[in-house]
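>>> Quick one, fold the following:
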Amino acid sequence: MSTQGKGIARPLDADELRLLLESLTGQPLPMNADSSVLSKVAESVASGHSLGHSQFNELLLTVGYDRVDGEFFRFLCDPIAVRVNGESTNEISSADDLRNGINSFRQLALLLFGNVKYGFKELSRNPRALTMFIREATSERPDRDFRSRHSPLIDLKKIDSKDTYLLGYISGRELEDKLKSAPEDQQLLQKQSHRNEIIQRGQWNHSAYLTFDHLDVYVATSMRERHEYVFVNEFMNRITEDPHISDLKLRFFDPTSAYCPNRLDKGLAEALMLKRAKCTVYLAQESDTLGKDSELASTLAQGKPVIAFVPEMSDKFWAYLYETFIEIYKEHTEEQILLKLLRIYKPESAWTDDDILNHLSEKQILTNDILKQKSRNAVEDHYNKRAKVLKDDHPLGLQTNLNTGVANGVLVVRNIENCAQLIRRIVLNKMEFRIEDQAGGYVLLKEKISDCTFRVMTGDRLLTNSFWNFYNVE
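Next comes the predicted model:
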């Protein structure tokens, strides 16, 4: 071991070196090595002496692991240099360099294989595979490739937020039923004529989406009532105009601007959009549907990221939500709108909240200010619960890639800015992660913006053994 001029790193002892080697290989030390060997190496590296490839292999053999290839060792020496230009130094110069190299490899192994042990076996002695996978996992896509895109040959036709609900099948049936009862009603006929015009625009947009040569983001939604169409459409306007991605000329599939009259064709078209998009943005709303949840699962099963957007309560968000309801449901009184909000976001309050129960039975009338506070609390509780379920509680927040078996997690964000930042990182292949080791041998790869689990390695040895034995069977 030679002495380098990088100074003395923070302390490294035999116990930590043992843990580092176990972290690198994904398995406990196969042999109970003489602790003096680990102590000697740890003390030397911590004192500023470099560790070469042959010395590292000798250390691995001493504790029972297999040797590693030179290219793999150079990656451990300087992961950033290998990613940027394929070059690196030939020695580990400090304890921090060793920690950083092992941490970088663990991230790579979890990202590609979902299992550090399997990643070590696949890449530590296969330089060609290592080079290929490093390029696949870490090579950034130049933003100039997106900024230089041409506009679509067939432009989408604009549909105002207030009119998007007219593309819904439910709104169409309601209008048809009213016309059957009053076929000469001029107001209804005028509305039908306006709806036909909006549907023509939606059909045009549906056809345009099918011809897009690029498709970057699929937006998964469930829309039934008028306000849902408005919220989704305005979300689309805000996200596409966000400065973090507005320069990239991304193509979004916007369900509020497309119309397909045939149920079967609609399902096939949306399946195609899911297949083509680089990621899916899942909008957590008042209620969720089989269709939207299946789109989330389908994206994860393809090994592609899902961003779950769950609004976070603030004075600004509450004002927007409340004012939008007032604008849409102009025929309702303020009390009716507040009760509608409660019915949407906390329907059980009609029988679990004594104040609401008494108000509805007119035993004790609540002021609108009290109803407003209860409505706001209901909205906040609803979205906080949705975020927690998606991020921490629901086991289906992790789905396996059907091709590789790698577990893929949902990324939950609570505001437009973070959503746009994450979209940018996904399309440019610039996502950033950190590793979190948990008790029992569980290892999580967490995405930094959302702080959500993107990959996981289970600590259950029987599950691991069974999973990979059965999953890899042809």
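
>>> While we're on Ser222, how confident is the model there?
We have a pLDDT of 83 for Ser222.

>>> Please report how far it lies from Leu290.
9 Å (CB to CB, to the nearest Å). Using the backbone N, CA and C atoms, a C-beta is placed for each residue, glycine as well.

>>> Okay, helices next: where are they in the stretch 301-450 of the chain?
For the stretch 301-450 of the chain, helices defined by DSSP state H, counting those that start in this stretch occupy the ranges 315-328, 334-345, 349-352, 354-360, 368-388, 416-427.

>>> Please identify the deepest-packed of those.
helix 416-427 (a mean of 20; mean count of other CB atoms under 10 Å).

>>> C-alpha coordinates for it, PDB please?
Written as PDB, here are the backbone C-alpha positions of helix 416-427 (Å, rounded to 0.1, in the frame of the first residue of the first chain):
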ATOM      1  CA  ILE A 416     -46.500  20.900  -8.800                       C
ATOM      2  CA  GLU A 417     -42.800  22.100  -8.600                       C
ATOM      3  CA  ASN A 418     -41.600  18.700  -7.200                       C
ATOM      4  CA  CYS A 419     -43.700  16.900  -9.700                       C
ATOM      5  CA  ALA A 420     -42.100  18.800 -12.600                       C
ATOM      6  CA  GLN A 421     -38.600  18.400 -11.200                       C
ATOM      7  CA  LEU A 422     -39.100  14.700 -11.000                       C
ATOM      8  CA  ILE A 423     -40.500  14.400 -14.500                       C
ATOM      9  CA  ARG A 424     -37.400  16.300 -15.700                       C
ATOM     10  CA  ARG A 425     -35.000  13.900 -13.900                       C
ATOM     11  CA  ILE A 426     -36.900  10.900 -15.200                       C
ATOM     12  CA  VAL A 427     -36.900  11.900 -18.900                       C
END
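
>>> Report all helices and strands that it contacts.
Using 3 or more CB pairs under 8 Å, 6 or more residues apart in numbering; DSSP states H and E as the contact test, the elements touching helix 416-427 are helix 226-241, strand 279-283, strand 306-309, strand 407-413.

>>> re the thing from before, figure out which of the helices of the stretch 301-450 of the chain is closest to Ala14.
Nearest of the helices of the stretch 301-450 of the chain to Ala14, taken as CB to CB: helix 416-427 at 38.6 Å.

>>> what separates the closest one from the chain centre, distance-wise?
Here the centre of helix 416-427 is set off from its chain's centre by 10 Å, with CA atoms, centre = their mean, to the nearest Å.

>>> what inclination does it have with respect to strand 279-283?
Per axes from the mean of the first three to the mean of the last three CA atoms, to 10 degrees, the angle that helix 416-427 makes with strand 279-283 is 160 degrees.

>>> what's helix 416-427 in contact with?
141, 146, 216-217, 235, 238-239, 242-245, 248, 250, 278-279, 281, 305, 307, 309, 411, 413, 430-432, 447, 449-450 (CB atoms under 8 Å, 6 or more residues apart in numbering).

>>> Can you give me the neighbour number for the residue nearest to Gln438 when sequence neighbours are not counted?
Closest residue to Gln438 apart from its sequence neighbours, by CB to CB, 6 or more residues apart in numbering: Leu444 at 6.5 Å. By other CB atoms under 10 Å, 18 other residues sit near Leu444.

>>> Enumerate every residue touching Trp318.
By CB under 8 Å, 6+ apart, the contact set of Trp318 is Arg376, Val379.

>>> burial count for Ser246?
12.

>>> ok, back up a step: more neighbours, Ser222 and Leu290?
The neighbour count for Ser222 versus Leu290, taken as other CB under 10 Å, is higher for Ser222 (19 against 8).

>>> pLDDT score assigned to the residue nearest to the more buried one when sequence neighbours are not counted?
By the measure of CB to CB, 6+ apart, the closest residue to Ser222 outside its immediate chain neighbours is Thr289, 4.0 Å from it. Note on Thr289: pLDDT of 71.

>>> which phi and psi does Glu91 have?
Phi and psi for Glu91, reported as degrees, to the nearest 10, are phi -160, psi 150.

>>> so which of the helices of the stretch 301-450 of the chain gets nearest Asn100?
helix 416-427 (21.0 Å).

>>> quick one, that closest one and strand 407-413 angle?
Using the same axes, to 10 degrees, helix 416-427 lies at 150 degrees relative to strand 407-413.

>>> so what's Leu17 up against?
So Leu17 contacts Leu38, Val41, Ala42 (CB under 8 Å, 6+ apart).

>>> quick revisit: and the residue nearest to Ser222, how far is that from Val306?
Counting by CB to CB, the gap from Thr289 to Val306 is 16 Å.

>>> The two - which one has more neighbours?
Shown here are Thr289 and Val306; by other CB under 10 Å, Val306 has more neighbours (24 against 14).

>>> could you say what helices and strands the longest helix along the chain packs with?
In the chain, taking DSSP state H as the definition, the longest helix is helix 186-211. Packing contacts for helix 186-211, counted by 3+ CB pairs under 8 Å, 6+ apart, involve helix 169-181, helix 263-276.

>>> so how far is it off the chain centroid?
Centroid separation for helix 186-211 versus its chain: 33 Å, with CA atoms, centre = their mean.

>>> and the worst-scoring helix or strand of the chain on mean pLDDT, which residues are buried?
In the chain, the helix or strand scored least confidently by mean pLDDT, DSSP states H and E is helix 169-181, which has a mean of 83. Across helix 169-181, burial judged by 16 or more other CB atoms under 10 Å covers Ser171, Gly172.

>>> can you list the weak-confidence ranges in the stretch 201-350 of the chain?
Scanning the stretch 201-350 of the chain for pLDDT under 70 picks out the ranges 288.

>>> try it again with 90
222-228, 255-256, 263, 267, 284-294 (pLDDT under 90).

>>> can you check the stretch 351-474 of the chain too?
In the stretch 351-474 of the chain (pLDDT under 90), the answer is 392-405, 407, 461, 464-465, 467-474.

>>> before we move on, the earlier item: which of the helices and strands packed on helix 186-211 sits closest to Arg18?
helix 263-276 (45.4 Å).
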